[in-house]
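fold the following and give me the result.
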Amino acid sequence: MPYAMRIHTPGGTEAMVWEEVEVGSPGPGQVRLRHTAVGLNFIDVYHRTGLYPQPLPFTLGLEAAGVVEEVGEGVTELKQGDRVAYCTAPIGAYSEARLFPAERLVKLPDWLEDRTAAAMMLQGMTVQYLLRRTYPVQAGQTILIHAAAGGVGLIACQWAKALGCTVIGTVGSEEKAELARANGCDHPVLYREENVVERVKEITGGKGVPVVYDGVGKDMFETSLDCLAPRGMMVSFGNASGPVPPFSLNMLAQRGGLFITRPSLANYTSTRQELVDTANDLFAVVQDGRVKIDVRQTYPLREAAQAHRDLEARKTTGSTVLLP
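A predicted model of the protein is given here:
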């Protein structure tokens with residue numbers, strides 16, 4: 001039987017158990033997949049710790065690439081041998097094989113290799129909805145992206161630069177600043193050494209930015225608000241430092257009538273058409289070179305606990321792939 005990384009009790013990395021699972025044959029609307037590469041994302045940590053609760057026990061992971069081994073009744077768009085990828089629920093990507101709903105799968109183009117696909121689907125499609133739909137950036141704007149050297153950050157810096165933006169990005173070290181700069185970040189800001197708000201105001205001539213993309217959460221929340229221009233938008237799409245605590249809406253009024261939103265990829269790919277359109281937009285910017293996907297770390301899937309430890313310790317940069 002295939003193996004999977006399972007959670008029986010939420011907690012630290014010691015809660016991750018590598019064990020055999022029974023997969024079986026696909027039911028109506030399903031396919032059986034053999035995974036070839038699995039994406040590592042910070043949301044996996046939220047699931048592992050119980051911040052985003054799941055029915056127990058469960059297999060971690062929301063993103064993978066693989067090959068269709070068998071199709072269930074009613075599946076017409078896919079066939080055995082097709083290369084596919086996904087980055088949405090149902091959870092369970094940290095596995096050698098699994099069942100998955102056919103309507104949530106995207107066919108991979110021939111030019112796109114599996115490891116790259118597994119590294120880019122969730123992060124790249126997240127960037128697509130952030131930059132193109134949540135707050136559609138315009139050429140000539142100066143924007144702020146937190147964690148600019150992370151997986152989402154590197155893609156966002158490249159894509160925003162291709163759209164004509166000037167990009168300010170927060171990073172934790174000089175090494176990460178160089179990496180962000182090489183990927184389109186015009187102004188890396190070392191948040192441990194520099195005052196982020198002062199640097200943003202300096203770069204923007206005191207105006208602030210029209211939008212902040214913040215996947216950090218608690219530690220950057222008020223900083224993000226203070227970087228915004230009047231009527232600017234705070235896009236809070238992650239909680240890497242912990243969830244944002246309750247706050248008074250008056251904070252938004254006092255800073256110039258700000259907007260705030262808490263989107264998720266699920267909100268923006270809820271229909272089959274949205275899913276396919278989002279993926280195709282991502283494929284287009286990767287194929288023509290506007291966005292390059294950098295798989296900077298790989299781990300055996302059975303060693304996913306170490307990958308989680310490195311991710312939480314901010315030791316990883318760019319994208320990370322787990323190999324079954």
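
ranges for the strands of the stretch 1-150 of the chain?
3-7, 16-20, 30-39, 58-59, 64-71, 83-86, 97-101, 106-107, 142-145 (DSSP state E, counting those that start in this stretch).

in its sheet, which strands sit next to the longest one, and in what direction?
Using DSSP bridges, the strands paired with strand 30-39 in its sheet are strand 64-71 (antiparallel), strand 97-101 (antiparallel), strand 319-323 (antiparallel).

okay, those in JSON lines with distance to Gly11 and mean pLDDT next?
Heads up, the C-betas are built off the backbone N, CA and C, glycines and all. Converted to JSON lines, those look like this (distance: least, C-beta to C-beta, whole Å; pLDDT from 0 to 100):
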{"stretch": "strand 64-71", "distance to Gly11": "24", "mean pLDDT": "98"}
{"stretch": "strand 97-101", "distance to Gly11": "23", "mean pLDDT": "98"}
{"stretch": "strand 319-323", "distance to Gly11": "20", "mean pLDDT": "94"}
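
make a markdown table out of these and add mean neighbour count and distance to Ala304.
Below are the strands paired with strand 30-39 laid out as a markdown table (neighbours: other C-beta atoms under 10 Å; distance: least, C-beta to C-beta, whole Å):
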| stretch | mean neighbour count | distance to Ala304 |
| --- | --- | --- |
| strand 64-71 | 23 | 12 |
| strand 97-101 | 21 | 15 |
| strand 319-323 | 24 | 5 |
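
what residue lies at the spatial centre of the protein?
The geometric centre of the chain, computed from its C-alpha atoms, lies nearest to Gln123 (C-alpha atoms, centre = their mean), at 3.1 Å.

in the stretch 101-250 of the chain, which spans are helices?
114-129, 151-162, 174-182, 196-203, 221-227, 250-254 (DSSP state H, counting those that start in this stretch).

coming back round to it: of all the strands paired with strand 30-39, which one is nearest Leu144?
Among the strands paired with strand 30-39, the nearest to Leu144 by C-beta to C-beta is strand 319-323 (21.6 Å).

related to what we said a few turns ago, closest one to Tyr86 among the helices of the stretch 101-250 of the chain?
Proximity to Tyr86, assessed across the helices of the stretch 101-250 of the chain by C-beta to C-beta, is greatest for helix 114-129 (6.9 Å).

quick revisit: pretty sure the residue nearest to the centre of the chain contacts Ala147?
No. Gln123 lies out of contact with Ala147 (C-beta atoms under 8 Å); the separation is 11.3 Å.

thinking again about what came up before, of the strands of the stretch 1-150 of the chain, which is nearest Gly318?
Using C-beta to C-beta, the strands of the stretch 1-150 of the chain put strand 30-39 closest to Gly318, at 12.0 Å.

what are the buried residues along the closest one?
Gln30, Val31, Arg32, Leu33, Arg34, His35, Thr36, Ala37, Val38, Gly39 (16 or more other C-beta atoms under 10 Å).

beta partners of the second one?
Residues in a beta bridge with Val31, per DSSP bridges, are Val71, Phe100.

per-domain residue ranges of this protein.
What automatic domain parsing lists as the domains of the chain is 3-120+271-323, 139-262.

how far out from the middle of the chain is the last one?
In terms of C-alpha atoms, centre = their mean, to the nearest Å, the centre of domain 139-262 is found 16 Å from the chain centre.

do stretch 269-282 as well
Per C-alpha atoms, centre = their mean, the centroid offset for stretch 269-282 relative to its chain is 15 Å.

ok, and for that stretch, which residues are buried?
For stretch 269-282, burial by neighbour count (16+ other C-beta under 10 Å) applies to Thr269, Leu275, Thr278, Ala279, Asp281, Leu282.

ok, the fifth one to Leu275 distance?
When C-beta to C-beta, to the nearest Å is applied, the distance between Asp281 and Leu275 equals 11 Å.

so how many other residues sit close to the closest residue to Val68 other than its chain neighbours?
Leaving aside its sequence neighbours, Val68 sits nearest to Asp82 (C-beta to C-beta, 6 or more residues apart in numbering; 4.5 Å). By other C-beta atoms under 10 Å, the residues close to Asp82 number 17.

and Ala229, by the same measure?
Ala229: 19 neighbours (other C-beta under 10 Å).

then Pro90?
Pro90 has 15 neighbours, counted by other C-beta under 10 Å.

contacting residues around it?
With contact set as C-beta atoms under 8 Å, 6 or more residues apart in numbering, Pro90 has these partners: Phe100, Pro101.
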